[in-house]
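>>> Following is a predicted model, sequence given first.
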Amino acid sequence: MPDSSRFITRETDARGVPGFVMLFINIAWLVGSLALLISGFVHAEMHPGEMPWGIPLGFLGMALGILACFGYFTLQPNEARVQILFGSYKGTVRSSGFHWANPFYSRSRGRTDREADAQKAGSHSRRDIASQIRASLTNPANATKLSLRVHNFNSETLKVNDKRGNPVEIAAVVVWRVRDTAQAAFDVEDYRSYVQVQSEAAIRGIASRFAYDHGEHDEPTLRGGADEVALALQEELQTRLAKAGVTVEEARLTHLAYAPEIASVMLRRQQAEAIVAARMLIVQGSVGMVQAALAELERQNVVHLDDERRAAMVSNLLVVLCGNSDASPVINTGTLYA
């Protein structure tokens, strides 16, 4: 089995020449080359038979000075540029400011396979091909400048099955940033698209590992264990996105609901559970109130009740306290023993 570590690109630090220093040198170089060129022409007029070396040296110096003008670039804070020389990675510049580097360093990492396939499938006219090439060079996915800022990715609402097989709708937000520019630029085709696809795959995987609610043996659930689910999602994403040199700052669910086909059934179940829980609370409170009433009657010697009358009073009190409707009083003029 081939060793996958051989294909991992590691970021190395590159130092760009200060742009203003190089700009002063470049201007002086151009001025000197122009002066040498003029002196060559003057020497040629004064000495027609001699070879004026100032003319070719002046033209060469002007050409090199103009070529050096294409090496300037700027970087904003939290921005980096990968240096590519004839397909070879030479390092990454992370310091912000005005810089100069070898003008032969590439401005683009080339077209992606997706763009190449689209060009083959599309029109082959010169105008269309030229426009596709310009678009590929300006595509952020191909640029040598990479943003190191924090990004947010809001996933679409996905329909997946939870641990119990119930279809649920789930969505999440992923906060991420580029950690290793070399991995982001060279180890994956398009690191932005990679983050989106892998994030959706991780969300589906996490949803299948947890139940929507009512977990077994106090296990965390999607609805009740938000912190545990967020931590598991972040760890899953970090494992997947490490190949692209991406660090996951935070991951958290933003939408969670039953799928429409079972939402009404689950709502009735939740309503039934709520009714049962409320009834249990009412019964517990009613029993305590009946006990307190009987104890208070006996303490103040208001009435002496035998077991049969006590049972009748308890039954009546529980009916009154646990009933859904208001009690209708009934005046009893007879006796229980008649």
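Received, thanks. Numbering: from 1, shown residues only.

>>> what's around Tyr177, how many residues?
Check again: residue 177 is Arg, not Tyr. Neighbour count of Arg177, defined by other C-beta atoms under 10 Å: 15. (Each C-beta comes from the backbone N, C-alpha and C, glycine too.)

>>> How about it: what's its closest non-neighbour residue?
Val150 (4.8 Å; C-beta to C-beta, 6 or more residues apart in numbering).

>>> and if you look at Val160?
With C-beta to C-beta, 6+ apart, the residue lying closest to Val160 is Ala207, at 4.3 Å.

>>> show me where this structure has strands.
17-18, 72-75, 79-85, 88-93, 97-100, 145-147, 151-154, 158-161, 167-178, 246-258 (DSSP state E).

>>> Am I right that Thr254 is in contact with Val174?
No - with contact defined as C-beta atoms under 8 Å, Thr254 does not count as touching Val174 (10.1 Å).

>>> Give me the more crowded residue out of the two.
Val174 (26 against 11).

>>> What's the local residue count around the nearest residue to that one once chain neighbours are set aside?
Closest residue to Val174 apart from its sequence neighbours, by C-beta to C-beta, 6+ apart: Phe153 at 4.4 Å. Using other C-beta under 10 Å, Phe153 has 16 other residues around it.

>>> wait, what's in contact with Phe153?
Residues in contact with Phe153, defined by C-beta atoms under 8 Å, 6 or more residues apart in numbering, are Val173, Val174, Trp176, Val195, Gln196, Ser199.

>>> just Asn102 next, same as before
Gly71, Gln83, Leu85.

>>> For it, give its distance to Gln83.
8 Å (C-beta to C-beta, to the nearest Å).

>>> repeat for Trp29
Trp29 is 22 Å from Gln83, where distance means C-beta to C-beta.

>>> How about Cys69?
Taken as C-beta to C-beta, the span from Cys69 to Gln83 is 18 Å.

>>> on that earlier part again, what does the model give the residue nearest to Arg177 for pLDDT?
The confidence metric pLDDT takes the value 93 at Val150.

>>> give me phi/psi at it?
Phi and psi for Val150, reported as degrees, to the nearest 10, are phi -80, psi 130.

>>> That one: how many residues sit nearby?
Val150, neighbours per other C-beta under 10 Å, totals 13.

>>> List the contacts of it.
So Val150 contacts Val175, Trp176, Arg177, Glu249 (C-beta under 8 Å, 6+ apart).

>>> Quickly name whichever of the residues you listed is closest to Asn78.
Of all the contacts of Val150, Asn78 sits closest to Arg177, with 8.4 Å by C-beta to C-beta.

>>> is it true that the closest one touches Arg149?
Yes - counting by C-beta under 8 Å, Arg149 is a contact partner of Arg177 at 6.6 Å.

>>> rewinding a little: wait, which of the contacts of Asn102 is closest to Lys163?
Gln83 (48.2 Å).

>>> Excluding chain neighbours, what is closest to the closest one?
Using C-beta to C-beta, 6+ apart, the nearest residue to Gln83 is Lys90, at 4.1 Å.

>>> The one you found contacts Tyr105, correct?
Yes - at 7.3 Å, Lys90 and Tyr105 qualify as touching, with contact defined as C-beta under 8 Å.

>>> quick one: which of those two has more around it?
Applying other C-beta under 10 Å to Lys90 and Tyr105 shows that Tyr105 carries more neighbours, namely 20 against 15.

>>> Could you measure from Arg149 over to Thr239?
Counting by C-beta to C-beta, the gap from Arg149 to Thr239 is 23 Å.

>>> quick revisit: may I have the residues that are in contact with the residue nearest to Val160?
Going by C-beta under 8 Å, 6+ apart, Ala207 touches Leu158, Val160, Asn161, Asp162, Val168, Ile170, Leu222.

>>> With Leu34 instead?
Going by C-beta under 8 Å, 6+ apart, Leu34 touches Gly58, Met62.

>>> Based on its surroundings, how many neighbours for Ala143?
Using other C-beta under 10 Å, Ala143 has 16 other residues around it.

>>> That one - nearest residue in space that isn't next to it in sequence?
Ser108 is the one closest to Ala143 (C-beta to C-beta, 6+ apart), at 6.4 Å.
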